[in-house]
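*Asks:* generate a structure from the sequence data that follows.
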Amino acid sequence: MGFLLLQIIPVAVGIAVNPVPIIAALIMAGTRRPVANGGAFVAALVVVMALFGAVVLVLVPTSTIGGGGAAEGYIEAAWLLVGLGFVAAFVVVAVRKPAPGRGDREPRWMALIERMGPAGAAIVGVLLVNYEMQAPALADILHAHLSLVQAFVALTVFIAIAASTPAVPLALSIAAPGRVLAAMGPVKTWLTAHNRPILLAVFGVVGVIYTIKGVLAVMH
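*Replies:* Purely as a prediction, here's the structure:
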C-alpha cells in the first residue's frame, strides 16, 4: 500500500494544482451564493470521481491483472498513451502563445460561471473532473493486487488530495465570507496571469512520468 500511495499521490497532487478547477472554485466563492455554489461544485467533483473510481475498481477484477495478461497489457499501454497525451498537451500550450493583450484577460467561461446557480456549478464540477489523470491512477491501484477494501481506501486518499484545493475556497467562504470576497480580486488576477506556466508544469511533469513508466513497462 505504501509504494502504491507513492505512485498515485503525485498524480492526485497534479490534479489538485490544476489551475482550472481552482479558478472555478474561487469564482464560486465570489458569487452571490458562495456556499451553495461552492458546495455544489466540490460535491460534484468528489461524487463523480468516486463513482468513476468505483466502477473501474469493481468492474475490472484484480485477478485479471498480472502475469502478463491482456488486462495488464492494456494498463501498460494506457500509461504510455496518457503520458504521450500530456506531453502533446504540453507542446500545444508551449507553442500556442496568447495573443498580445489577452494574456491577462479573464476568460469568458469565468464570467459564465459567475452567473450560474448551484445546478450550473454542479455541471461545471462534472465537466472539470480530470478523468485523464484519474484513469492511470486507477490502473496503478488495480496493478497493486490489493483487496477491494484496500483499493477503495487508496481511492479515498486519492480523491481527498485531488479535491483538496477546490475545497479550500468553500471552507473559507463558510468560515470567513467577508475576507474571502475581499481577497477574490487579487487571487483571480494572479491565477489568470499565471495560468499558462502552471498548465505547462502540470502537463510536463505528468507527461514525463507516465511516458517513462509506459515505455519501461512495454519494453519489459
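*Asks:* now do the contacts for residue 152.
*Replies:* Residues counted as contacts of residue 152 (Cβ atoms under 8 Å, 6 or more residues apart in numbering) are 54, 57. Yep, even glycine has a C-beta here, placed from its N, CA and C like the rest.
*Asks:* name the element it belongs to?
*Replies:* Element membership for residue 152 (DSSP states H and E) is helix 148-162.
*Asks:* pLDDT weak spots in the protein?
*Replies:* The model of the chain has pLDDT under 70 over residues 61-76, 98-114, 185, 188, 191-192, 220.
*Asks:* show me where it has helices.
*Replies:* Secondary structure of the chain (DSSP state H): helices located at 2-16, 19-29, 34-59, 70-95, 108-114, 118-127, 131-143, 148-162, 164-175, 177-193, 195-219.
*Asks:* what is the third one packed up against?
*Replies:* What it means is helix 34-59. Using 3 or more Cβ pairs under 8 Å, 6 or more residues apart in numbering; DSSP states H and E as the contact test, the elements touching helix 34-59 are helix 19-29, helix 118-127, helix 131-143, helix 148-162, helix 164-175, helix 177-193.
*Asks:* could you give the angle of the helix holding residue 152 to helix 19-29?
*Replies:* Comparing the axes of helix 148-162 and helix 19-29 via axes from the mean of the first three to the mean of the last three Cα atoms, to 10 degrees yields an angle of 70 degrees.
*Asks:* surely residue 196 touches residue 93?
*Replies:* Yes - shown here, residue 196 and residue 93 form a contact pair, counting by Cβ atoms under 8 Å, at 6.5 Å.
*Asks:* residue 182 - how many residues pack around it?
*Replies:* Residue 182 has 10 neighbours, counted by other Cβ atoms under 10 Å.
*Asks:* still on that earlier bit, got the angle for the helix holding residue 152 vs helix 2-16?
*Replies:* Taking the same axes, to 10 degrees, one finds that helix 148-162 is oriented at 30 degrees with respect to helix 2-16.
*Asks:* what about helix 148-162, distance to the chain center?
*Replies:* Remark: helix 148-162 is offset 14 Å from the chain centroid, using Cα atoms, centre = their mean, to the nearest Å.
*Asks:* now it against helix 131-143, angle please.
*Replies:* Inter-element angle recorded for helix 148-162 and helix 131-143: 150 degrees (by the same axes, to 10 degrees).
*Asks:* would you mind writing the CA trace of helix 148-162 as CSV?
*Replies:* Taking Å, rounded to 0.1, in the frame of the first residue of the first chain, the C-alpha atoms of helix 148-162 are listed here in CSV:
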residue,chain,number,x,y,z
LEU,A,148,-11.3,-4.4,-2.7
VAL,A,149,-11.3,-2.7,0.7
GLN,A,150,-7.7,-1.6,0.4
ALA,A,151,-8.3,-0.4,-3.2
PHE,A,152,-11.2,1.8,-2.0
VAL,A,153,-9.0,3.2,0.8
ALA,A,154,-6.4,4.1,-1.8
LEU,A,155,-9.1,5.7,-3.9
THR,A,156,-10.4,7.7,-1.0
VAL,A,157,-6.9,9.1,-0.2
PHE,A,158,-6.5,9.9,-3.9
ILE,A,159,-9.8,11.8,-4.1
ALA,A,160,-9.2,13.6,-0.8
ILE,A,161,-5.9,15.0,-2.1
ALA,A,162,-7.2,15.7,-5.6
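*Asks:* quickly note the distance from residue 37 to residue 57.
*Replies:* Residue 37 sits 31 Å away from residue 57, going by Cβ to Cβ, to the nearest Å.
*Asks:* understood, closing this out.
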